[in-house]
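Colleague: Sequence below, structure please.
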Amino acid sequence: MMKQFWNERYAEKEFAYGKEPNQFLKENLHQLPKGKVLFVAEGEGRNAVFAAQNGYDVFAFDYSELAKAKALTLAKEQNVQLDYLVSDVMDLSFEPESFDAIVFIFAHFPAVIRKQAHQKLISFLKPNGKILFEAFEKNQLQFTSGGPKELAMLFSEEEVTDEFPSIGFDSLKTAIIDLAEGSYHQGKGAVIRFIGTKHEKNE
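Modeller: Numbers count the residues shown, from 1 in each chain. Got it, this is the predicted structure:
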């Protein structure tokens with residue numbers, strides 16, 4: 001069901017969320033260590049391409065084949081390389097502790113697998129590696145600027161801290177922002193944002 005939804009959205013000629021990077025990522029990319037970075041549920045590649053333009057070794061995944069095709073087209077336009085997998089999150093098989101950073105930009109998994117998916121993704125992050133995260137908060141249901149319509153797929157700060165237990169939060173905040181990302185993220189929105197660091201194993 002969800003795969004069909006996203007393939008239909010990404011089948012449109014225009015880029016659903018534009019070609020420009022997410023603003024929170026744009027402002028904070030410098031906080032991520034240079035090296036291998038994984039972009040989660042990356043869609044049409046706008047954020048991964050931005051990181052590649054800034055010297056990162058970029059990996060990404062999504063379960064939409066059409067998303068990958070558009071992402072690689074965008075990467076070619078910008079003369080950068082992406083390593084992009086078409087995969088369900090639970091089928092990923094990266095080496096443990098192989099990434100220096102992981103980026104979640106509006107990566108909303110079904111509630112039944114979400115905590116498990118987050119734990120799996122964290123396992124790919126090196127100790128002291130960084131996470132950059134932005135997603136819609138529960139109050140997003142009051143707004144028409146995009147995101148899941150199911151409360152359980154949206155986030156609270158308590159859920160974030162529960163689902164990322166091995167992460168120390170450098171910053172964690174809820175905010176109402178103005179979105180201007182392509183056709184589907186337009187207007188005021190409620191988001192949760194954090195930048196975090198994976199604890200060393202002996203902590």
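Colleague: What helix or strand is Phe5 located in?
Modeller: Element membership of Phe5 [criterion: DSSP states H and E] is helix 2-10.
Colleague: Check which element follows that helix along the chain.
Modeller: Sequence-wise, the next helix or strand downstream of helix 2-10 (DSSP H and E) is helix 23-28.
Colleague: residues of that following helix that come out buried?
Modeller: Buried residues in helix 23-28, counting neighbours by 16 or more other Cβ atoms under 10 Å, are found at 24-25, 28. Backbone N, C-alpha and C define where each C-beta goes, glycine included.
Colleague: what do you get for stretch 142-161?
Modeller: 145-148, 153-155, 159-160.
Colleague: Nearest to Leu82, out of those: which one, please.
Modeller: Distance to Leu82, by Cβ to Cβ, is smallest for Gly146 among those, at 23.7 Å.
Colleague: The one helix or strand Lys188 maps to pairs with which strands, and in what direction?
Modeller: Assigning secondary structure by DSSP H and E places Lys188 in strand 185-198. Counting by DSSP bridges, the strands paired with strand 185-198 are strand 125-136 (antiparallel), strand 167-181 (antiparallel).
Colleague: ok, residues contacting the longest one?
Modeller: Identification of contacts with strand 167-181 by Cβ atoms under 8 Å, 6 or more residues apart in numbering yields 17-18, 20, 22-23, 31, 122, 131, 137, 139, 145-146, 157, 160-161, 185-199.
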